[in-house]
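In: What follows is a predicted structure for the sequence shown.
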Amino acid sequence: MKDENPYRPYSPDHSLERCSCGMHASQDEHDARSGVVAHRPVHDEEVQSRHFLEMAAVRALFPHDALRRRFLRAVGINAARAAIASVLPLADLQAMAEERRPLEKKDLKIGFIPINCATPLIMADPMGFYREQGLNVSLIKTAGWALVRDQMLNHELDASHFLAPMPLAISMGIASAAQPMRVAAIQNVNGQAITLALKHKDNRDPKHWKGFKFAIPFEYSMHNFLLRYYLAEHGLDPDRDVQLRVTPPAEMIANLRAGNIDGFLGPDPFNQRAVYDQVGFIHILSRDIWNGHPCCAFGVAQDFIDKNPNTFVALYRALLKASASAHKLENRPAIARAISTPNYLNQPETVILQALNGHYADGLGHVRDQPDRTDFQPLPWYSMATWMLTQMQRWGYIKKQISYDDLAKKVFLLTDASAQMKALGQEVDHDALAGGMRKFSVMGREYDPADPAKYLASFAIRRA
């Protein structure tokens, strides 16, 4: 009998863990190097769900993959199917999985700041991803991050676009009442820049920036932590040698034009808008500080998840499908058109598109090509959270010892995101399934999430 399931749970030559020989990161890589023809991807959502459930059930029955393969070699696929079916009612389980459970709440209010970082959350409205899941979503444009926080704490919003560090801070009760807040998905990676006023086009060395005034959108933001990191790596103390001013993204251009600030580390499209308006230039993209860094997140309160589990899953699916669509460069012209309108970003379409597709004018007379200027990869890695916590401790926002790992695993829903992505047939990084604590480098300095204390102690400029 031919095994049509792309996970191949009944194949003795296919591993449900790494790969059958143990030398490759995945079975797909093993097959590619061995010349095995891979199964064609299945695009039908219900079929994908059935396949995933079948694989999960077989894996649960044989937690040790070597035992599963020995069993299959001993009895053959047909006999194995019959034996497993007598123990696990797969057809009934698949029917239950495919049944759309009733939504506890269909009418939702979701907050967003009008910036490119919220692309998946915004585009899911005009492009029908919410409607496809039976949801009636009202997107609430919000002026600033403190207001987002307060509206979430007051239950005025059901979910919201967040800066990725905000749910960590709110869950700890830093600068607000403590409330369990969760990061369901990362909205975007990269997509920020340090933009300077044109008068500084011949002053590109940060060592000469003492006395500069920089805008950041919020204290509990990647913008703040990345700018502090960048300045400190060039020998400047961000609390003593420069001024950091919290400024709503929409006001950054006016402040740059008026000379109130020398620059900002902010979100797109405002870096590109500064070039478009001929008031600034892009000094450095944030991907050149940390390529693959998270920025914004899709967040919900734990209370919402508890009261509306089916609605939460539907919302999750809509956002993950939107992220997968936004990840594809060929979709971004249509996305830029959809989100540029007054009810969403209210910016020139060309400005949004230059920031989304990485083909852009830098304000210094050059046209750059950087396809990964921004990207949409929704997995909320635990190590992303622990890095943020090192920086919050470094600069004095966290004043006590905490367990980085415990808080990261409580706030960042990596397991949930992985499961939902797999159910949708989306690719999930093996390292995410194996613990979610991958290493990465920021300005050439490696971050090992296994030893954040050593990393924190390595910085010469710090408050803690």
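Out: Perfect, thanks for sending it. Given the structure is predicted, the values throughout are model-derived calculations rather than measurements.
In: where's residue 81, which helix or strand?
Out: Assigned by DSSP states H and E, residue 81 belongs to helix 77-87.
In: by contact count, what packs against that helix?
Out: helix 45-61, helix 65-75 (3 or more CB pairs under 8 Å, 6 or more residues apart in numbering; DSSP states H and E). (Glycine included, C-beta is placed from N, CA and C.)
In: buried set for it?
Out: 80, 81, 84 (16 or more other CB atoms under 10 Å).
In: that older thread, in terms of mean pLDDT, which of the helices and strands packed on helix 77-87 ranks lowest?
Out: Of all the helices and strands packed on helix 77-87, mean pLDDT reaches its minimum on helix 45-61 (a mean of 68).
In: which secondary structure element contains residue 360?
Out: strand 359-361.
In: Please disregard the earlier target; I meant residue 391.
Out: Using DSSP H and E, residue 391 falls in helix 382-394.
In: contact partners of that helix?
Out: 164-165, 168-169, 174, 183, 186, 220, 222, 225, 228-229, 293-294, 398, 402, 404-405, 407-409, 411-412, 414, 435-440, 442, 447, 449, 452, 455-456, 459, 462-464 (CB atoms under 8 Å, 6 or more residues apart in numbering).
In: Which parts of the stretch 1-150 of the chain are helices?
Out: 27-34, 45-61, 65-75, 77-87, 90-98, 119-123, 129-132, 145-153 (DSSP state H, counting those that start in this stretch).
In: Find the residue ranges of the protein scoring beneath the pLDDT cut-off.
Out: 1-4, 17-50, 52-53, 60, 63, 87-100 (pLDDT under 70).
In: isn't residue 413 right up against residue 183?
Out: Yes. Taking contacts as CB atoms under 8 Å, residue 413 lies within contact range of residue 183: 6.4 Å.
In: what about those two, which has more around it?
Out: residue 183 (28 against 22; other CB atoms under 10 Å).
In: Show the contacting residues for that one.
Out: Contacts of residue 183 (CB under 8 Å, 6+ apart): 162, 164, 167, 297, 298, 299, 380, 385, 411, 412, 413.
In: ok, residue 389 - how many residues close by?
Out: Neighbours of residue 389 (other CB under 10 Å): 25.
In: next one: residue 451
Out: The burial count for residue 451: 10, using other CB under 10 Å.
In: Can you report phi and psi for it?
Out: phi -140, psi 70 (degrees, to the nearest 10).
In: Tell me who's in contact with it.
Out: Here residue 451 is in contact with no residue (CB under 8 Å, 6+ apart).
In: measure it to residue 429 for me?
Out: 22 Å (CB to CB, to the nearest Å).
In: Now do the same contact list for the spatially closest residue to residue 298 that is not a sequence neighbour.
Out: Once flanking residues are discounted, residue 298 sits nearest to residue 185: 4.6 Å by CB to CB, 6 or more residues apart in numbering. Residues near residue 185 by CB under 8 Å, 6+ apart: 120, 297, 298, 316, 319, 320, 323, 378, 379, 380, 413, 417.
In: at 6 Å instead, please
Out: 298, 319, 378, 417 (CB atoms under 6 Å, 6 or more residues apart in numbering).
In: Also residue 264?
Out: 195, 214, 215, 252.
In: Most neighbours among these, which one?
Out: Most surrounded of these: other CB under 10 Å gives residue 195, at 30 neighbours.
In: Is it correct that it falls within a helix?
Out: No. If the criterion is DSSP: H, G, I helix; E, B strand; the rest coil, then residue 195 is strand and not within a helix.
In: hey, what's it bridged with?
Out: residue 264, residue 282 (DSSP bridges).
In: Is it in contact with residue 275, as I believe?
Out: No. Residue 195 lies out of contact with residue 275 (CB atoms under 6 Å); the separation is 8.0 Å.
In: can you list the domains in the protein?
Out: Residue ranges for the domains of the chain, per automatic domain parsing: 27-98, 107-464.
In: Give me whichever of those is most buried.
Out: domain 107-464 (a mean of 20; mean count of other CB atoms under 10 Å).
In: Packing partners of the biggest helix by length in the chain?
Out: The helix that spans the most residues within the chain, counting by DSSP state H, is helix 309-327. Packing contacts for helix 309-327, counted by 3 or more CB pairs under 6 Å, 6 or more residues apart in numbering; DSSP states H and E, involve helix 119-123, helix 129-132, helix 414-423.
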